[in-house]
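1. this one's structure only:
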């Protein structure tokens, strides 16, 4: 009878929705760190500071890892949705990948022509 009614639902910390949420947050952190590295190098040294060196490779690696993590979080959130997990956990990972792709496409189209 102890588990019959609570004001807050129990959350399984190992659920697919929770893991997708953490992975989506991690992908945004990786992308933000790559953007800070790129912006700082660009501000200090210009175009030569970010092309064909360790800074450029690190930013490309961060971009690849961040986008891949966001996609995996999207797939995990879709799986969790099929398992009927609550929407409150799934909205963030479901929107992270489309938002990241949109930002990258807009930056490529208008900033880095």
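-> Arrived safely. A quick note: this is a predicted structure, and the numbers were derived from the prediction, not measured.

2. every contact and neighbour count from this point should use C-alpha atoms.
-> OK.

3. helices of this structure, residue ranges please.
-> With DSSP state H applied, the chain shows helices at 16-45, 54-82, 87-110, listed in chain order.

4. okay if I get those helices as CSV plus mean pLDDT and mean neighbour count?
-> Shown next, in CSV, are the helices of the chain (pLDDT from 0 to 100; neighbours: other Cα atoms under 10 Å):
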stretch, mean pLDDT, mean neighbour count
helix 16-45, 92, 19
helix 54-82, 93, 19
helix 87-110, 92, 16
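
5. what about residue 113, how many residues nearby?
-> 6 (other Cα atoms under 10 Å).

6. pLDDT wise, what is it at?
-> Residue 113 is assigned a pLDDT of 70 by the prediction.

7. quick one: contacts for it?
-> Not one residue lies near residue 113 by Cα atoms under 8 Å, 6 or more residues apart in numbering.

8. ok, now with 10 Å
-> residue 107 (Cα atoms under 10 Å, 6 or more residues apart in numbering).

9. residue 84 too?
-> 17, 78 are the contacts of residue 84 under Cα under 10 Å, 6+ apart.

10. can you tell me how far it sits from residue 99?
-> 24 Å (Cα to Cα, to the nearest Å).

11. need the nearest residue in space to the residue nearest the centre of the chain, chain neighbours excluded.
-> Closest to where the C-alpha atoms of the chain average out (Cα atoms, centre = their mean) is residue 27, at 3.0 Å. Excluding its sequence neighbours, the residue lying closest to residue 27 (Cα to Cα, 6 or more residues apart in numbering) is residue 66, at 4.4 Å.

12. also residue 94?
-> Here the residue nearest residue 94, using Cα to Cα, 6+ apart, is residue 74, at 5.1 Å.

13. how close does the one you found get to residue 83?
-> 14 Å.

14. ok, back up a step: so the residue nearest to the centre of the chain sits against residue 92, correct?
-> No: contact between residue 27 and residue 92 fails when scored by Cα atoms under 10 Å: they sit 11.7 Å apart.
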